[in-house]
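**Q** sequence plus predicted model, see below.
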Amino acid sequence: MFDFDATLPLMAAQFLLLTVILNFVFYKPLTQALDERNDYVRTNLTEAKQRAEKANQLAAQYEQELAETRRQSQALIAEAQAEATKIAAQEIAAAQQEVQAQLLQTQQELDQQKQAALNTLEAQVSGLSRQLLTKLLGAELVG
């Protein structure tokens, strides 16, 4: 089956030599390329994780700033509404006072006109009464 002559050690030496040559020519560059590829992938993965963390931190920071800005704007809106309500109440009160003053002035004018009309009517009633008395009783009795 097997011949154990001088060819066996020669074949073993060839095999070892081929293994050493393949190791230097093929396997070492291949393993080096695989190691470099693994390092590249690992580095990119680490950088991607760092960038994702930084993006998440920035997103959280922007969300906080946005929430704070919204709170501030809501506060400004509420303050402006309160101010507008206050101004409207003041203007309504001023308008009511002005209306009251005009109403009082109008009432006084009406009272004056009423008094003047009453005085005029009294004078006319007096004159008419005298005329009636004069006509009824005669000018000599009234006089």
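**A** Looks like it arrived, so ask away.
**Q** low pLDDT regions in the chain?
**A** For the chain, applying pLDDT under 70 flags the ranges 1-4, 139-143.
**Q** which residues in it form helices?
**A** Taking DSSP state H, the helices of the chain run over residues 7-22, 28-137, 139-142.
**Q** make JSON lines out of the ones you listed and add mean neighbour count.
**A** For glycine as for every other residue, the C-beta is placed from the backbone atoms N, C-alpha and C. Putting those into JSON lines (neighbours: other CB atoms under 10 Å) gives the following:
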{"stretch": "helix 7-22", "mean neighbour count": "10"}
{"stretch": "helix 28-137", "mean neighbour count": "10"}
{"stretch": "helix 139-142", "mean neighbour count": "10"}
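**Q** look up how far residue 11 lies from residue 5.
**A** Per CB to CB, to the nearest Å, residue 5 is found 11 Å from residue 11.
**Q** ditto for residue 18
**A** Applying CB to CB to residue 18 and residue 11 gives a distance of 10 Å.
**Q** likewise residue 26?
**A** On the measure of CB to CB, residue 26 and residue 11 end up 21 Å apart.
**Q** what of residue 121?
**A** Computed as CB to CB, the residue 121 to residue 11 distance reads 155 Å.
**Q** do residue 90 as well
**A** 113 Å.
**Q** ditto for residue 83
**A** Going from residue 83 to residue 11 by CB to CB gives 103 Å.
**Q** now residue 127
**A** Residue 127 is 165 Å from residue 11, by CB to CB.
**Q** one more: residue 103?
**A** 131 Å.
**Q** with residue 128 instead?
**A** With CB to CB as the criterion, residue 128 and residue 11 are 165 Å apart.
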